[in-house]
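J.: fold the following.
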Amino acid sequence: MKNKDTDYQRYRKSLSNCHLLENMDDLTFNSLISLFSEQTWPKNTCLVDENRFLCKFYIIISGRVKMYQLDETSSKEVTLFLLHKGDFMDLFCILDGLEHKVYYESLDEVKVLEVPMENLHDWFRKHPEYYKNLLFYAGKKLRTMENYISDIIFANISTRLVKLLLRNVNKDSKNLELINDLSHKEIAYLIGSTRAVVNRQIQKLKKSGSIHTSRENLQIIDLGILIEFLKKENKYE
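T.: Residues are numbered from 1 along each chain as shown. Have a look, this model is predicted:
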């Protein structure tokens, strides 16, 4: 890397929420980051090469990447994770070393740090104490997937949508983040539904006074209405 010290400081700041780097001293951090190179993926880039993620490991610096599955027969699509700053790609490959048939698409211009998988494995052999950070992240994603599957099976579309909105509200600013500018189609992929159904549910939420939409931009107006809705749904179930 050119201007190494400057780059290390920048990555240290931008990846402050990255679980892999948690409780890592500067010397160890620098030894890890020195293995990576920075890459930029244009918006709406589809990443479908399975070997790419078997051979390379990525940490997202900025932008959003959706990880999804696609049924080629019916063309049905479901978004498994909406990855963003601090997230890893591909977690499965680094844990088991096997091909992972999954698709990725950049929803924004995305910047990532890229490292050959074998180099990262070598680094972990020298610093085995940081495997726990990787496992903590894996556990977090497994819990997210468990909740997602439960919602798909047991919750109706309106409940899934409200849960999605509440999960993406910034606790400090109370603003909706990550999904606030997604199309209704992309939101539908996140909750296992269709654009038409999601559009109807969004219109209902607008009439309730809980949200406001304009040109594919969604804002939370009244969190209390959404929370009360979930309370009633849980009581009903």
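J.: which stretches of the protein form strands?
T.: 37-41, 46-47, 56-62, 65-70, 77-83, 88-89, 103-106, 110-116, 211-214, 217-220 (DSSP state E).
J.: Throw these into CSV and include distance to residue 159, thanks.
T.: All C-beta spots, glycine's among them, are computed from the backbone N, C-alpha and C. Formatted as CSV, those follow (distance: least, C-beta to C-beta, whole Å):
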stretch, distance to residue 159
strand 37-41, 34
strand 46-47, 31
strand 56-62, 29
strand 65-70, 22
strand 77-83, 17
strand 88-89, 29
strand 103-106, 27
strand 110-116, 31
strand 211-214, 15
strand 217-220, 17
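J.: so for residue 146, which of those strands sits nearest?
T.: Evaluated with C-beta to C-beta, those place strand 77-83 nearest to residue 146, the distance being 12.3 Å.
J.: how about the contacts made by residue 123?
T.: Applying C-beta atoms under 8 Å, 6 or more residues apart in numbering, we find residue 123 in contact with 31, 32, 35.
J.: just the buried ones from those, in PyMOL syntax?
T.: If you want just the buried ones from the contacts of residue 123 in PyMOL, going by 16 or more other C-beta atoms under 10 Å, the selection is:
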select buried, resi 32+35
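J.: just the closest of the contacts of residue 123 to residue 206, please.
T.: Checking the contacts of residue 123 one by one against residue 206 (C-beta to C-beta), the nearest turns out to be residue 32, at 46.4 Å.
J.: once you drop chain neighbours, what's closest to the closest one?
T.: For residue 32, ignoring the flanking residues on the chain, the nearest one in space by C-beta to C-beta, 6 or more residues apart in numbering is residue 123 at 6.0 Å.
J.: pLDDT below threshold where in the chain?
T.: 1-5, 50, 234-237 (pLDDT under 70).
J.: how far off centre is the lengthiest helix in it?
T.: Ordering each helix of the chain by length in residues (DSSP state H) puts helix 131-154 first. In terms of C-alpha atoms, centre = their mean, to the nearest Å, the centre of helix 131-154 is found 12 Å from the chain centre.
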